[in-house]
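Chemist: 3D model of this:
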Amino acid sequence: MTADKDKRRAISREAARRRRRVESDVFDDLSRLLPLQPSIRAQLDKPSVIRLTLSYIRMHTLLQETAGISPELRKAVRFEHGMKGGQELICEIEKEMDDFMSLDETNMYLKILEGFLMVLSTSGDIIFLSENVSKYMGLTQTELMGHNIFEYTHPCDHEELRHNLRLTADEVWCSQKREFVTRIKSALTHRGRIGNIKSASWKVLHCQGRAKMCMASSSVSCLLLTCRPLPLTHTLLSTHTFTSQHSMDMRFTYCDQRVMSLLGYRPEELLGRSIYDLCHTLDTSCLNKNHLNLCLKSQSVSGQYRMLVRGGGYVWVESHGAVIPGVQPSRSRANASQPLCILCVTYVLRCVRLLKLN
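Modeler: Have a look, this model is predicted:
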C-alpha cells in the first residue's frame, strides 16, 4: 500500500511539473508576441503578460472597429448601387476616411508634444499609453497598461472621472469632446528622479480628448485623451499672453503691462475687479469650473472663454492658473498655511485691433 501511494504521488508530481512546463512555454510564446523590447519582455511575470496581452487585444479590436468601413456598411452600399458601382463608391469613401484619419493623427501628434496619449475604456481600464508617459509620471508604459485608472487617481477626482467616462443612450458620443483636470500618482521627485510608487506624489494633469463609441461593439468604446502636466511653461514665452495675480475669489491684485496692448485695459483699472466682470455671461460656467479646480487641485486650465475688451467686444482667451501656497506653518505664524494668491497666465487666442486710448 505504501509503495502504491508513493508511486501515485510521484506520478502526480511529474504531471504537475509537466503542466507547469507547458504553462511556462505558453507564456513565453505569448510574451514574444507582445510588441515590446526583449529586455522588457524578460522582466514580465505571468500576470503582467496576461494584463498586457488583454490590453493589446482590446486596442487591436478598437483599431479594427475604427479603421475602414464596417462589413454591414460595405454590404449595404454594394446592394444599393450594384456590385460595380458600389465597389467604386466604397473606394472613394475609404480614401476620404484615410485622409481624415491621417489629418486626425497629425493633429493628435501635435497636441501630445508636451504630454502623453492615453486610451481608457468606459470602465476606466488603461487600454493604451504612449511610451513617453515615463517622462512625465516616472512610471513605465508596461507598469500602467491594463490597470484601472482609478487605482492611480486622487479619490476626490473619481466622481468627475466617472462622469467623463459615462456613456448614455440618449446622447451621440462619437467624437464627443472631453476636457477635465485630474490628479494622478507620479513617481518623479522634485529633482526629476524616479522614486518609489508607495511614496508617490500627486501630479495635476490637463486631459483633453473625445469619447469614441464603436457602434458594432460597445465593449471597445473608449476615451481617447492627451494628458499634459500642469503648469504649462510654454505660454510664458508667447507675446500674446499676460500674467495676473488674483485673490482666492478671483479679484485682480496685479496685472502686467501686456494686458494694455492685448485687451486695452491699464493694469490699475483691473485692480479689485473680479475676472467674472470681464467674462461673457455664457462662459461663466467655464470659469466656475476652473475656479473650483484651482481651489481643490491647486492647478487648472480654464478652457476657451470670451473676455471683454475695453471699448466693447469680446476676445477668445484661455487661462492657465495655479494657487501659490503660503509659507510653511510655524508656531509664530498660525495662518501661514493659507494660500497667498492665484497666479494666472492668460493666452489671447485671437488678437484684436485696439483703438488708441485717450
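Chemist: Excluding sequence neighbours, find me the nearest residue to residue 318.
Modeler: Nearest-residue entry for residue 318: residue 347, 4.9 Å, with adjacent residues in sequence omitted and distances by Cβ to Cβ, 6 or more residues apart in numbering. From N, CA and C alone the C-beta is placed, and that goes for glycine too.
Chemist: so that neighbour makes contact with residue 319?
Modeler: Yes - taking Cβ atoms under 8 Å as the definition, residue 347 is a contact partner of residue 319 at 7.5 Å.
Chemist: just to revisit the earlier point, tell me the pLDDT at the residue nearest to residue 318?
Modeler: We note a pLDDT of 89 for residue 347 in this prediction.
Chemist: what about it, neighbour count?
Modeler: 21 (other Cβ atoms under 10 Å).
Chemist: just the strands in the chain please.
Modeler: Assigned by DSSP state E, the strands in the chain fall at 116-121, 126-129, 176-186, 201-212, 222-229, 241-246, 252-255, 299-308, 314-324, 341-348.
Chemist: Make JSON lines out of those and add distance to residue 23.
Modeler: Output for the strands of the chain, formatted as JSON lines (distance: least, Cβ to Cβ, whole Å):
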{"stretch": "strand 116-121", "distance to residue 23": "28"}
{"stretch": "strand 126-129", "distance to residue 23": "26"}
{"stretch": "strand 176-186", "distance to residue 23": "33"}
{"stretch": "strand 201-212", "distance to residue 23": "36"}
{"stretch": "strand 222-229", "distance to residue 23": "31"}
{"stretch": "strand 241-246", "distance to residue 23": "58"}
{"stretch": "strand 252-255", "distance to residue 23": "66"}
{"stretch": "strand 299-308", "distance to residue 23": "47"}
{"stretch": "strand 314-324", "distance to residue 23": "51"}
{"stretch": "strand 341-348", "distance to residue 23": "56"}
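Chemist: Of the ones you listed, which is nearest residue 268?
Modeler: strand 252-255 (8.7 Å; Cβ to Cβ).
Chemist: partners of the closest one, with directions?
Modeler: The pairing partners recorded for strand 252-255 under DSSP bridges are strand 241-246 (antiparallel).
Chemist: Please save the CA atoms from the partner strand in PDB.
Modeler: Output of strand 241-246 as PDB, limited to C-alpha atoms (Å, rounded to 0.1, in the frame of the first residue of the first chain):
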ATOM      1  CA  THR A 241       0.000  86.300 -23.100                       C
ATOM      2  CA  PHE A 242      -0.300  88.400 -19.900                       C
ATOM      3  CA  THR A 243       0.100  87.400 -16.300                       C
ATOM      4  CA  SER A 244      -2.100  88.300 -13.400                       C
ATOM      5  CA  GLN A 245      -2.500  87.700  -9.700                       C
ATOM      6  CA  HIS A 246      -5.800  87.200  -8.000                       C
END
